[in-house]
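Chemist: got a predicted model here, sequence first, then my questions.
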Amino acid sequence: MARIPILREDDPSLPEDARTALDQIRQHRGRIVNLYRVMANHPRALQKFSDFGAVVYRGGSLTSKEAELAYTTATVVNNCYY
């Protein structure tokens, strides 16, 4: 069982700020993965994380291929295969 709740965007009891944050993620990313559902427990942190990702992956000077290579390299170097 998860220690931090995984929030579902279709839950009618979901707080409005969490629902708004998840809706924005869906608009920008196309889908919502569980990492975002967990982070929605703190909608402000989710928004900042999303803003960071937008700058790093979509707003920087790297091409899509270069950004993916950097991401993959960091994953391998840190033994993080999620």
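Modeler: Here it is on my side, so go on.

Chemist: which residues are contacting the helix or strand hosting Glu68?
Modeler: Element membership of Glu68 [criterion: DSSP states H and E] is helix 64-77. With contacts defined as Cβ atoms under 8 Å, 6 or more residues apart in numbering, helix 64-77 is touched by Val56, Tyr57, Gly60, Leu62, Cys80, Tyr81. Placement of C-beta: from N, CA and C, glycine included.

Chemist: and that helix, how far from the chain's centre?
Modeler: Put simply, helix 64-77 sits 17 Å off its chain's centre (Cα atoms, centre = their mean, to the nearest Å).

Chemist: what's the average pLDDT for stretch 61-80?
Modeler: For stretch 61-80, mean pLDDT rounds to 88.

Chemist: okay, Arg58: pLDDT?
Modeler: What the model reports as pLDDT for Arg58 is 71.

Chemist: that one: how many residues sit nearby?
Modeler: Arg58: 11 surrounding residues under other Cβ atoms under 10 Å.

Chemist: and Met39, how many neighbours?
Modeler: Applying other Cβ under 10 Å, we find 22 other residues in the vicinity of Met39.

Chemist: how about Ala40?
Modeler: Ala40 has 26 nearby residues by other Cβ under 10 Å.

Chemist: find the helix or strand that the spatially most central residue of the chain is a member of.
Modeler: Centroid-nearest residue in the chain: Tyr36, 4.5 Å away (criterion: Cα atoms, centre = their mean). Remark: Tyr36 resides in helix 34-39, with elements defined by DSSP H and E.
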